[in-house]
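Enquirer: Below are the sequence and a predicted model; questions follow.
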Amino acid sequence: MEEVEDVPTDDELLDYVSDDESVFDFLDERIEMKAKGYKPELPPPNELSEDSKALLFWRHEGEEKSFSDWKIKVEAETTEDCSEENVTIYNVHRFALAMGPKKSGYFEALLQSDSYTENSDCMSTVKLPKEVAKQFPDFLDYLYAQPLESKFVINFDNWKSMKYLANYFLVPRLTEAVAEFIEKDMEYHNLEHMEKYISEFHRDIGDDMSRRILPKAVLICAELLQSIEVDSPLLMSIPPAMFRSIIMRVCVMNKHEHEVLHTCSLVAAYLEHNVEDKSVFDVYFCTNVPIGPWTCHLDESEDTTIELALTWFRLMTKKGWNLEDDYESYFCFDYINRVKQDLAGIISDYLRSKTPSLEMMERIVRDTPGDIVARCFRDSVDEARTLREREDDESEDN
């Protein structure tokens with residue numbers, strides 16, 4: 001059994017969202033934006049009770065009365081030849097493998113059929129990826145533990161391997177338990193874990209578990225957007241369609257300047273590193289996602305605001321997004337023009353309210369398009385002339 005390696009393209013991800021909206025059906029659910037650094041109080045970790053531990057009969061394999069009636073030979077796949085160090089034999093029990101609510105469909109079929117040559121040796125051999133093979137004892141613990149407690153075996157270190165083993169050995173109850181663990185872990189606002197979940201499940205966006213986990217991840221990322229850093233691996237791991245859904249949810253919720261600044265900075269950082277296709281760029285700007293709050297909330301006199309404006313100018317220049325491009329949609333062309341005009345207004349207001357340092361002036365001239373620099377220079381000259389004329393008139397009156 002091999003893992004899926006194909007990663008969908010940006011276009012496929014965008015088509016998926018537009019063609020199959022059911023994946024985000026519950027995204028009209030209201031969310032509450034959490035403050036930067038928000039950490040909920042976590043419950044104590046769950047552990048197997050002593051009664052469940054007593055049921056882990058396979059761990060008694062070295063004792064005289066383990067009553068094992070089957071063996072599983074696990075070979076860890078490596079680039080090197082198979083050696084004894086990469087092979088482990090587990091003494092197990094047929095009833096635990098093939099019976100009960102957590103039974104393995106793989107072993108049920110194996111043990112009921114006379115066609116398997118493995119039966120004569122009372123041993124089955126499986127080859128697993130090295131990292132998955134390391135977690136095979138946890139898989140056995142899950143099968144042996146009490147049904148109500150078996151899910152406690154799953155943790156962040158083994159969930160991916162447990163998901164693999166559930167699919168390999170046909171244990172649907174374990175698949176469900178893994179999905180429940182991930183949902184709970186995300187509900188505890190574990191941004192540190194989110195990157196791995198997103199990277200795993202956006203590989204196959206048509207998979208049932210992906211359709212279950214990714215919408216949940218959108219809600220959690222939207223709630224915790226203020227805690228996502230612009231240079232974080234998490235930001236760069238989010239696929240375009242998912243990022244668009246996150247930003248569309250939070251842009252209307254930004255009520256404070258620092259929230260607007262952070263959201264716009266995240267969008268700029270994301271576009272700079274992830275979006276090359278102009279059609280994807282069109283989707284962001286034509287839906288008015290990144291630019292809506294700028295002129296409503298930002299204080300143009302603040303240094304953080306001018307930094308953001310210069311970042312966006314650099315981004316647009318780097319990507320070649322300018323008004324001379326032949327865009328198919330005039331609606332999108334209009335929004336691109338609004339972006340440029342909003343940024344020009346920020347630069348102009350900043351220059352009116354402050355006397356920038358020489359270094360800042362050099363950056364403004366370097367990063368701002370020439371026509372906007374020329375306009376700011378013209379406005380400054382006009383304002384200086386008007387001020388001089390007013391002073392001259394006042395002198396004459398006196």
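Expert: Good, I have the coordinates.
Enquirer: Pull out the buried positions in stretch 369-380.
Expert: 369, 372, 373, 376 (16 or more other C-beta atoms under 10 Å). For every residue, glycine as well, the C-beta is placed using N, CA and C.
Enquirer: Could you pull out the helices in the stretch 151-300 of the chain for me?
Expert: Secondary structure of the stretch 151-300 of the chain by DSSP state H, counting those that start in this stretch: the helices cover 159-168, 172-187, 191-201, 208-223, 233-237, 240-250, 257-274, 278-286, 294-297.
Enquirer: Not counting its neighbours along the chain, what's nearest residue 75?
Expert: residue 127 (4.7 Å; C-beta to C-beta, 6 or more residues apart in numbering).
Enquirer: so where's the stretch 201-350 of the chain shaky on pLDDT?
Expert: Applying pLDDT under 70 to the stretch 201-350 of the chain flags the ranges 251-255, 274-302, 321-336.
Enquirer: returning to that earlier point: make JSON lines from the helices of the stretch 151-300 of the chain and add distance to residue 78 and mean neighbour count to it.
Expert: As requested, the helices of the stretch 151-300 of the chain are exported to JSON lines (distance: least, C-beta to C-beta, whole Å; neighbours: other C-beta atoms under 10 Å):
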{"stretch": "helix 159-168", "distance to residue 78": "16", "mean neighbour count": "21"}
{"stretch": "helix 172-187", "distance to residue 78": "25", "mean neighbour count": "18"}
{"stretch": "helix 191-201", "distance to residue 78": "22", "mean neighbour count": "18"}
{"stretch": "helix 208-223", "distance to residue 78": "28", "mean neighbour count": "19"}
{"stretch": "helix 233-237", "distance to residue 78": "27", "mean neighbour count": "16"}
{"stretch": "helix 240-250", "distance to residue 78": "34", "mean neighbour count": "22"}
{"stretch": "helix 257-274", "distance to residue 78": "34", "mean neighbour count": "19"}
{"stretch": "helix 278-286", "distance to residue 78": "39", "mean neighbour count": "18"}
{"stretch": "helix 294-297", "distance to residue 78": "54", "mean neighbour count": "15"}
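Enquirer: looking at these, which is closest to residue 54?
Expert: helix 172-187 (20.9 Å; C-beta to C-beta).
Enquirer: List of residues touching the closest one?
Expert: With contact meaning C-beta atoms under 8 Å, 6 or more residues apart in numbering, helix 172-187 is reached by 101-102, 105, 139, 142, 150-151, 154-156, 159, 162-163, 165-167, 193-194, 197, 209, 212-213, 216-217, 220.
Enquirer: what about residue 140, how many residues close to it?
Expert: A count of nearby residues for residue 140, using other C-beta atoms under 10 Å, gives 22.
Enquirer: Could you do the one 4 residues further on as well?
Expert: The tally of other residues near residue 144 (other C-beta under 10 Å) stands at 23.
Enquirer: Repeat that for the one 10 residues further on.
Expert: Other residues lying near residue 154 total 24 when counted by other C-beta under 10 Å.
Enquirer: Next: residue 91.
Expert: Residue 91 has 19 nearby residues by other C-beta under 10 Å.
Enquirer: Look up the residues forming beta bridges with it.
Expert: residue 71 (DSSP bridges).
Enquirer: Next one: it from residue 108, what distance?
Expert: Distance of residue 91 to residue 108, computed by C-beta to C-beta, to the nearest Å: 19 Å.
Enquirer: hang on, the earlier thing: can you report how many residues lie near the residue nearest to residue 75?
Expert: 15.
Enquirer: do the one 10 residues further on as well
Expert: Summarising burial for residue 137: neighbours were counted as other C-beta under 10 Å, giving 17.
Enquirer: That one should be in a strand, yeah?
Expert: No: secondary structure of residue 137 (DSSP: H, G, I helix; E, B strand; the rest coil): helix, not part of a strand.
Enquirer: That one: what's it in contact with?
Expert: Residue 137 neighbours (C-beta under 8 Å, 6+ apart): residue 90.
Enquirer: And it, how far from residue 154?
Expert: 13 Å.
Enquirer: cool, residue 90 as well?
Expert: Look at residue 90 and residue 154: by C-beta to C-beta, they are 19 Å apart.
Enquirer: Could you do residue 239 as well?
Expert: Counting by C-beta to C-beta - residue 239 and residue 154 are separated by 25 Å.
Enquirer: same thing with residue 352?
Expert: On the measure of C-beta to C-beta, residue 352 and residue 154 end up 59 Å apart.
Enquirer: do residue 202 as well
Expert: 21 Å.
Enquirer: Then residue 213?
Expert: 14 Å.
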